[in-house]
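Colleague: sequence below, structure please.
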Amino acid sequence: MRRVILIGIVIAHISAFSQGVFAPPAGQVGSTAIHKDSAAIQSWGATCSAVIGPVDIADPSLGIASVGSADDAIGMADGSVVSLGDHGTATVSFNGIIYDGPGYDFAVFENSFSDSFLELGFVEVSSDGSNFFRFPSTCNLQDSLQIGPFGASDASHLNNLAGKYRAQYGTPFDLQDLSGISGLNLDEITHVRIVDCIGSIQTEFATYDQHGQIINDPYPTPFPSGGFDLDAVGVIHFHAASAIEELTPVVSLFPNPVVNRLTIGVDHFVEAIIYNIQGQVVLVSTSNTMDCSELPSGHYRIGIRAKHTSSYSSFIKQ
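Modeller: Next comes the predicted model:
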């Protein structure tokens, strides 16, 4: 039995430090880590709300994580953090909107003291503050042996998980990874949410990547600083609140009232969504000419997305 255990430990050690297929730690060739002082960062989180989880999800009697407060995740990455505990969440908003530009659009900063002690978190975004959509993540770390409270991982086995890089280096995210999702406007992201991954390989408590693979990270961490430690969210592609009003497109709908075809007049049109008076989506179109002939008579609201911005209007169907 001892020999089997030793073999398992050796395999886990090799897995943890063999080169993976994703970007390596900060400072290495091919790394995508973004330093907090990078000129690419245009803005930082303005508000944060947190729901703190227990220090050990398997033993709630130990209490919840207690290091920091939500306000410590506001502003530039500076080492002050809020610890989320097991499966805790933090939701960050901004003095403006994040939009989908070329390459990475924002970065999440954790406070790891090394390149190999990695506490991981899922990342989700919302364009309305209510509906959140998670980035598809990949964890290629072994899941046969639990990574202990101070265990090591290799960043090159991880993708689209916050906490991949050490303190002062943000893990970047590209909104294009979420393209085509109904209800998410990639050019008007208002909120970013981080969800602690727990890290346990016990099926009762495990969390999983997009492929159904268990995410193995340091567990248990029954300390006041347990769980993901959020330092900051830095924004790369950003429209400040003062500029959003200037970006609101001039929209015309004709004819209005409409019988059959409704034409939307707006520059850089992307998509339109029609809602009934109950708020239900009844029609979605990527063409600025919409066939409304099958809609029942009545009043409708229409959301119109143009490049980098969106607006709402209304019309009557006869």
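Colleague: CA atoms for contacts and neighbours, from now on please.
Modeller: Fine.
Colleague: can you give me the helices for the stretch 151-300 of the chain?
Modeller: Under the criterion DSSP state H, counting those that start in this stretch, helices of the stretch 151-300 of the chain are mapped to 241-247.
Colleague: so which residues of the stretch 101-250 of the chain form strands?
Modeller: Here the stretch 101-250 of the chain has its strands, by DSSP state E, counting those that start in this stretch, at 106-109, 121-126, 133-134, 138-139, 158-159, 169-173, 189-196, 229-230, 232-235, 238-240.
Colleague: out of these, nearest to residue 213?
Modeller: Checking the strands of the stretch 101-250 of the chain against residue 213 by C-alpha to C-alpha gives strand 138-139 as the closest, at 6.7 Å.
Colleague: which stretches of the stretch 101-250 of the chain have low pLDDT?
Modeller: Within the stretch 101-250 of the chain, the segments meeting pLDDT under 70 span 242-250.
Colleague: mean neighbour count and distance to residue 53 added to the strands of the stretch 101-250 of the chain, as a markdown table?
Modeller: Compiled in a markdown table, the strands of the stretch 101-250 of the chain are given as follows (neighbours: other C-alpha atoms under 10 Å; distance: least, C-alpha to C-alpha, whole Å):
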| stretch | mean neighbour count | distance to residue 53 |
| --- | --- | --- |
| strand 106-109 | 28 | 19 |
| strand 121-126 | 24 | 13 |
| strand 133-134 | 17 | 19 |
| strand 138-139 | 22 | 22 |
| strand 158-159 | 22 | 23 |
| strand 169-173 | 26 | 22 |
| strand 189-196 | 25 | 9 |
| strand 229-230 | 29 | 12 |
| strand 232-235 | 29 | 19 |
| strand 238-240 | 21 | 31 |
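Colleague: would you reformat those as TSV and include distance to residue 64?
Modeller: Compiled in TSV, the strands of the stretch 101-250 of the chain are given as follows (distance: least, C-alpha to C-alpha, whole Å):
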stretch	distance to residue 64
strand 106-109	22
strand 121-126	17
strand 133-134	24
strand 138-139	26
strand 158-159	27
strand 169-173	26
strand 189-196	13
strand 229-230	13
strand 232-235	21
strand 238-240	34
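Colleague: quick one: closest of those strands to residue 52.
Modeller: Taking the strands of the stretch 101-250 of the chain one by one with C-alpha to C-alpha, strand 189-196 is closest: 9.7 Å.
Colleague: and the angle from the closest one to strand 121-126?
Modeller: Orientation check (axes from the mean of the first three to the mean of the last three C-alpha atoms, to 10 degrees): strand 189-196 against strand 121-126 gives 160 degrees.
Colleague: who touches strand 189-196?
Modeller: Strand 189-196 is contacted by residues 84-94, 96-99, 120-129, 132, 162, 227-228 when judged by C-alpha atoms under 8 Å, 6 or more residues apart in numbering.
Colleague: of those, grab the buried ones for PyMOL.
Modeller: Applying 16 or more other C-alpha atoms under 10 Å to those, the buried members can be selected in PyMOL as follows:
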select buried, resi 84+85+86+87+88+89+90+91+92+93+94+96+97+98+99+120+121+122+123+124+125+126+127+132+162+227+228
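Colleague: what's the pLDDT at the residue lying closest to residue 222 once chain neighbours are set aside?
Modeller: Once flanking residues are discounted, residue 222 sits nearest to residue 55: 4.7 Å by C-alpha to C-alpha, 6 or more residues apart in numbering. Model confidence at residue 55, given as pLDDT, is 98.
Colleague: what residues are up against residue 55?
Modeller: Contacts of residue 55 (C-alpha under 8 Å, 6+ apart): 62-65, 85-86, 220-227.
Colleague: try residue 239
Modeller: For residue 239, the contacting residues are 96, 97, 98, 99, by C-alpha under 8 Å, 6+ apart.
Colleague: hmm, residue 290 and residue 265 touching each other?
Modeller: No - if you go by C-alpha atoms under 8 Å, residue 265 and residue 290 don't touch, sitting 11.7 Å apart.
Colleague: residue 127 contacts residue 182, correct?
Modeller: No - Residue 127 is beyond contact range of residue 182, at 11.1 Å (criterion: C-alpha under 8 Å).
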